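**Q** heads up, no residue letters with this:
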């Protein structure tokens with residue numbers, strides 16, 4: 001009788017241990033990954049859906065237009081989110097400099113100049129020049145925007161926007177601080193109006209003949225083309241990929257970094273999924289950006305506009321190292337004023 005009781009207790013104990021192990025494995029394989037991002041989730045919803053389907057993990061998207069970097073830095077000792085998906089390299093560098101992120105494995109699906117020990121790029125976007133058709137331009141450079149013939153003919157959003165900071169940082173890297181200060185003063189003097197609006201607002205201003213030239217990200221061309229109210233602007237405006245005779249068109253990235261080691265392995269898995277060929281194709285189709293995985297091509301409609309343009313191959317960490325110099329000079333000359 002005692003033997004049967006002891007045996008029954010033994011079997012029950014084994015079942016409890018096995019049930020506990022199964023529950024742990026189930027929890028480990030069905031993780032909720034929290035993502036901080038300034039990108040609205042609908043922009044990559046097909047990617048989220050696909051990842052949840054193939055991994056069994058859930059993505060919890062925490063979106064805010066502003067303040068997420070500061071929030072992540074304040075929370076670094078007790079992080080809420082697992083990863084930070086950024087629309088710009090500057091935010092990734094800010095997190096790294098604040099010690100608010102973790103090292104990630106080298107990503108073989110991303111070029112070495114678009115990743116570091118702490119973050120990796122996911123897509124690339126070109127900072128191009130939009131020009132009124134009447135100018136008859138087929139080529140132009142960023143440096144040309146300060147030529148005397150373009151005085152009062154250039155429009156820009158705030159110089160302090162991360163997209164412009166990125167471009168200006170690249171110009172410092174190529175030409176030096178002294179050259180850049182002279183350049184940015186001349187650029188300010190060539191503006192048709194005080195910096196305002198977003199990239200698409202500058203194209204609208206060209207259409208309205210407020211100005212003839214502006215700088216903007218390439219994918220806005222396709223956003224405007226698909227908008228019934230905005231595509232008319234493009235009847236008078238053409239996109240040009242600048243600096244084809246020198247270092248190539250400037251590119252920035254959207255990227256990702258890990259800010260919590262609680263679900264580290266699952267976060268790495270999510271990053272590797274986003275860099276996979278299948279995910280990069282979905283990304284390219286959804287946003288008209290350039291896949292960072294060299295095995296994946298941009299969509300045909302993007303390639304038709306790019307027309308074989310070359311891009312600046314500068315290491316993005318090197319480029320970002322000049323941000324503070326750019327900010328100081330912009331403040332010194334009161335670029336937006």
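**A** Received it, and whenever you're ready, just let me know what you need. Since the structure is predicted, the reported quantities are computational estimates derived from the model, not experimental observations.
**Q** state the distance from residue 43 to residue 63.
**A** Look at residue 43 and residue 63: by C-beta to C-beta, to the nearest Å, they are 10 Å apart. Every C-beta, even on glycine, is put in place using the N, C-alpha and C of the backbone.
**Q** repeat for residue 77
**A** In terms of C-beta to C-beta, residue 77 sits 23 Å off from residue 63.
**Q** one more: residue 274?
**A** Residue 274 is 17 Å from residue 63, by C-beta to C-beta.
**Q** neighbour count: residue 77 and residue 63, which is higher?
**A** A count of neighbours by other C-beta atoms under 10 Å puts residue 63 above the other of residue 77 and residue 63, at 15 against 7.
**Q** which helix or strand contains residue 45?
**A** If you go by DSSP states H and E, residue 45 is part of helix 45-55.
**Q** so after that helix, what's the next helix or strand?
**A** Once the chain leaves helix 45-55, the next helix or strand it forms, by DSSP H and E, is strand 58-63.
**Q** which elements pack onto that following strand?
**A** strand 32-37, helix 45-55 (3 or more C-beta pairs under 8 Å, 6 or more residues apart in numbering; DSSP states H and E).
**Q** that strand - what's its average pLDDT?
**A** In this model, strand 58-63 has a mean pLDDT of 96.
**Q** partners of it, with directions?
**A** Strand 58-63 has the following strand partners under DSSP bridges: strand 32-37 (parallel).
**Q** go through the partner strand and flag the buried ones.
**A** Neighbour-count burial for strand 32-37 flags 33-37 (criterion: 16 or more other C-beta atoms under 10 Å).
**Q** angle of it against helix 45-55?
**A** Using axes from the mean of the first three to the mean of the last three C-alpha atoms, to 10 degrees, the direction of strand 32-37 lies 160 degrees away from that of helix 45-55.
**Q** gap between strand 32-37 and the chain center?
**A** When distances are taken as C-alpha atoms, centre = their mean, to the nearest Å, strand 32-37 is centred 16 Å away from the chain's centroid.
**Q** next one: stretch 148-164
**A** 21 Å.
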